[in-house]
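Enquirer: Build the 3D model from these lines:
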Amino acid sequence: YPEAAKAAGAEGKAFVQFVVKDDGSISDVQVMRSTGNESLDAEALRVVRAMPKWKPARQGNKTVRSRFTLPVMFRLS
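Expert: Numbers count the residues shown, from 1 in each chain. As a prediction, the model looks like this:
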């Protein structure tokens with residue numbers, strides 16, 4: 001949790017869109033809906049970019065690129 005957001009008591013849900021390439025790597029990462037807090041949005045982007053390779057989508061016998069939207073929830077306890 002980013003210290004600046006924690007100090008401000010910021011919470012929210014960011015929707016991050018990205019492409020899983022045919023080799024399973026992640027690219028074209030962007031925030032589609034913001035939390036309203038820049039540090040939370042930056043953390044959501046960092047986490048998605050740091051994900052390990054995914055199993056790519058298949059169409060027939062070929063691997064293909066696919067686009068995903070992932071909600072990232074930030075909640076203080």
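
Enquirer: check which helix or strand covers the nearest residue to Val72 once chain neighbours are set aside.
Expert: Closest residue to Val72 apart from its sequence neighbours, by Cβ to Cβ, 6 or more residues apart in numbering: Ala44 at 4.1 Å. For the C-beta atoms, the positions are set from N, CA and C on the backbone; glycine is no exception. Using DSSP states H and E, Ala44 falls within helix 38-49.

Enquirer: Let me see the contact set for the residue nearest to Val72.
Expert: 14, 16, 31, 35, 72, 74 (Cβ atoms under 8 Å, 6 or more residues apart in numbering).

Enquirer: Please tabulate those in TSV and include pLDDT, secondary structure and neighbour count as additional columns.
Expert: As requested, those are exported to TSV (pLDDT from 0 to 100; DSSP: H, G, I helix; E, B strand; the rest coil; neighbours: other Cβ atoms under 10 Å):
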residue	pLDDT	secondary structure	neighbour count
Ala14	97	strand	24
Val16	98	strand	20
Val31	98	strand	18
Thr35	95	coil	21
Val72	97	strand	18
Phe74	96	strand	20
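
Enquirer: Output these as CSV; include the columns distance to Lys55.
Expert: Listed next are these as CSV, based on distance: Cβ to Cβ, whole Å:
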residue, distance to Lys55
Ala14, 24
Val16, 19
Val31, 24
Thr35, 29
Val72, 21
Phe74, 27
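
Enquirer: for those residues, which one is nearest Arg58?
Expert: Val16 (23.3 Å; Cβ to Cβ).

Enquirer: For this protein, just list every one of the helices.
Expert: Secondary structure of the chain (DSSP state H): helices located at 3-8, 38-49.
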